[in-house]
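*Asks:* Below is the sequence, then the predicted model.
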Amino acid sequence: MKNIYFKAAIFSAISMLTFSSCVKTDDYELPEIKCTNKFAAANHPLTDLATIAKAKPTEADIIKEDYIVEAYVSSSDESGNIYKMMFLQDKPENPTQGIEIDIDGGNQYLDYPIGALVRINLKGLIVQGVNGNIKVGSYDPNYPIGRINPNKVSNYIARVCDGQKAVVTAIKPLEFNSIADALKNGAHINQLVKIKNVQFEDPELTKTFADESGTGDRYITDKKAGRLDLRFSNYATFAKSPISPKYAKSGDIVLLLSRFTSSSNATIFTDQAYIRNLDDINFPNDRFNPGEPDAPSASAVNLFAGSDFENWTSFLSSVNTFGLKPYATQGVGLGYNGTNSLQIKGTPTANDYVFTSVATTGIPAVPKRITMYIKGTATGKSLSFNVYKAGGGFYVFNLGTFSTGATLGVESANSYNGSINTNGQWRLVELTLTGIADINTTAGKDMFAIKTGNGGVYDLQIDNIKIE
């Protein structure tokens with residue numbers, strides 16, 4: 001027995017000596033971790049899903065071969081506001097295609113966090129698409145698209161590995177200055193976006209985010225008076241939190257855009273959006289009056305000679321050969337801050353060009369907006385404005401019903417519908433030119449026109465028509 005214990009002690013001592021001679025520091029090398037891909041490389045771009053989508057897929061539309069796409073996860077259901085669906089897009093920034101995947105279960109964020117690059121094998125699934133909204137799910141004869149069984153999600157969706165670890169990339173939202181820009185042409189459905197300068201509409205400030213027993217629709221608005229429906233689940237962790245006072249101001253919001261189509265009429269749809277959590281709302285700025293534009297900046301210049309109407313001779317020199325309608329005169333002392341103005345007082349007998357002005361020198365090469373102040377009334381008809389293109393033709397801006405300020409975008413044709421009553425106050429109008437690259441800025445060429453509607457009763461002052 002003594003020999004056995006002696007031999008064991010000698011072996012232990014030799015082992016310790018050997019181990020200590022191999023380890024030179026206190027740091028131990030971790031075994032190499034390898035991450036392998038479950039699915040083969042993508043054999044289709046995500047944009048191809050739009051070409052195979054059906055409004056009402058049938059059982060025959062179930063994909064029968066390995067149809068593999070790659071996409072980045074842009075949503076999270078951790079807060080519970082986004083539930084039983086996942087949003088993905090083809091690129092982490094500047095995406096061209098977004099999709100929604102419907103899953104009959106929650107907590108998908110644990111396996112597929114924001115920014116995760118995944119491969120989706122659509123074999124056994126269907127692709128539904130209507131009004132630009134592309135969805136992936138299972139076939140269900142009772143619905144346009146069914147939800148994937150949560151126990152089978154891994155059969156269709158798998159993380160992409162770089163050989164060592166699963167790939168995760170920061171998702172950068174597309175940024176827009178207005179709700180209309182974000183929604184334009186439905187180009188960004190199911191994509192992550194940031195919309196600047198928005199706020200909750202006044203009636204929403206007395207509410208919680210979600211309704212007591214169901215999803216709540218809460219509307220945001222922007223400075224152009226555009227509006228967007230935000231959907232808030234009553235299962236969200238913040239469902240019962242009040243919107244005011246913490247989120248009563250204005251600022252930027254990050255959203256996942258979506259689109260709901262009527263089940264009874266596919267031509268009727270509603271644009272809507274979801275936030276992932278309350279961190280997507282950043283409202284530190286004062287509230288604004290929707291539709292009222294910002295005052296002209298210090299860099300704004302006269303749109304045409306005499307467009308401040310102080311020098312009537314200068315103004316008349318900028319009018320083209322069609323001249324000025326007789327009911328348009330100089331409003332001496334009636335202008336903004338007691339200066340002079342253009343007075344339009346009378347009842348046109350046609351849809352008139354009150355005047356068309358030619359461009360002057362010094363106009364910005366890439367103008368962003370035209371502004372003017374208006375005071376007075378117009379009954380039965382409103383105003384329309386034309387801004388001329390360099391190559392011929394013009395862009396149309398219609399004032400419509402006007403009382404407290406307006407930010408106008410391009411429309412398809414002149415319209416004089418509406419009325420004007422500023423209640424004795426000067427109100428600002430903006431014609432937004434952002435994104436328009438072919439406005440005429442050549443001196444001496446037609447630049448701008450004001451139009452009145454047949455039979456309207458006008459008593460207006462217009463002043464300080466500027467461009468910047």
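*Replies:* It's in. Residues are numbered from 1 along each chain as shown.
*Asks:* Tell me the bridge partners for Ile103.
*Replies:* Ile148 (DSSP bridges).
*Asks:* Does it touch Pro150 like I think?
*Replies:* Yes: with contact defined as C-beta atoms under 8 Å, Ile103 counts as touching Pro150 (6.0 Å). C-beta here means a position set from N, CA and C on the backbone, and glycine is covered the same way.
*Asks:* Can you pick out the residue with more neighbours from these two?
*Replies:* Neighbour comparison, Ile103 and Pro150: the larger count goes to Ile103, with 23 against 14 (by other C-beta atoms under 10 Å).
*Asks:* Report the separation between that one and Lys135.
*Replies:* 11 Å (C-beta to C-beta, to the nearest Å).
*Asks:* likewise Arg147?
*Replies:* Separation of Arg147 from Lys135 (C-beta to C-beta) stands at 10 Å.
*Asks:* ok, these two, which is more surrounded?
*Replies:* Using other C-beta under 10 Å as the criterion, Arg147 and Lys135 rank with Lys135 on top: 21 against 16.
*Asks:* which ones are touching the nearest residue to Ala170 once chain neighbours are set aside?
*Replies:* Nearest residue to Ala170, sequence neighbours excluded (C-beta to C-beta, 6 or more residues apart in numbering): Gly115, at 5.8 Å. Neighbouring residues of Gly115 by C-beta atoms under 8 Å, 6 or more residues apart in numbering: 72-74, 92, 168-171.
*Asks:* Do you know the pLDDT at Gly115?
*Replies:* pLDDT, Gly115: 98.
*Asks:* Just say helix, strand or coil for the residue nearest the centre of the chain.
*Replies:* Note on the chain: the residue nearest the mean C-alpha position is Ala182, at 2.4 Å, using C-alpha atoms, centre = their mean. Here Ala182 is helix, with the state taken from DSSP: H, G, I helix; E, B strand; the rest coil.
*Asks:* what residue ranges in this protein score low on pLDDT?
*Replies:* Scanning the chain for pLDDT under 70 picks out 1-33.
*Asks:* just the helices in it please.
*Replies:* Secondary structure of the chain (DSSP state H): helices at 2-22, 49-52, 179-183, 312-317.
*Asks:* helices or strands up against the second one?
*Replies:* Here helix 49-52 touches strand 126-130, strand 133-137, going by 3 or more C-beta pairs under 8 Å, 6 or more residues apart in numbering; DSSP states H and E.
*Asks:* Need the residues that contact the first one.
*Replies:* The one in question is strand 126-130. 49-50, 52-57, 61-63, 134-139, 144-145, 261, 266, 269.
*Asks:* Which parts of the stretch 201-350 of the chain are strands?
*Replies:* In the stretch 201-350 of the chain, strands defined by DSSP state E, counting those that start in this stretch lie at 216-222, 227-232, 250-261, 269-274, 281-285, 301-302, 328-331, 341-346, listed in chain order.
*Asks:* closest one to Val366 among the ones you listed?
*Replies:* Evaluated with C-beta to C-beta, the strands of the stretch 201-350 of the chain place strand 301-302 nearest to Val366, the distance being 13.7 Å.
*Asks:* which residues touch Lys194?
*Replies:* Contacts of Lys194 (C-beta under 8 Å, 6+ apart): 173-176, 252-255.
*Asks:* closest to Leu303 among these?
*Replies:* Phe176 (26.7 Å).
*Asks:* follow-up on the earlier one: who touches both of Arg147 and Lys135?
*Replies:* Shared contacts of Arg147 and Lys135, counting by C-beta under 8 Å, 6+ apart, come down to Asp102.
*Asks:* still on that earlier bit, how near is the residue nearest to Ala170 to Leu255?
*Replies:* Taking C-beta to C-beta, one finds Gly115 at 17 Å from Leu255.
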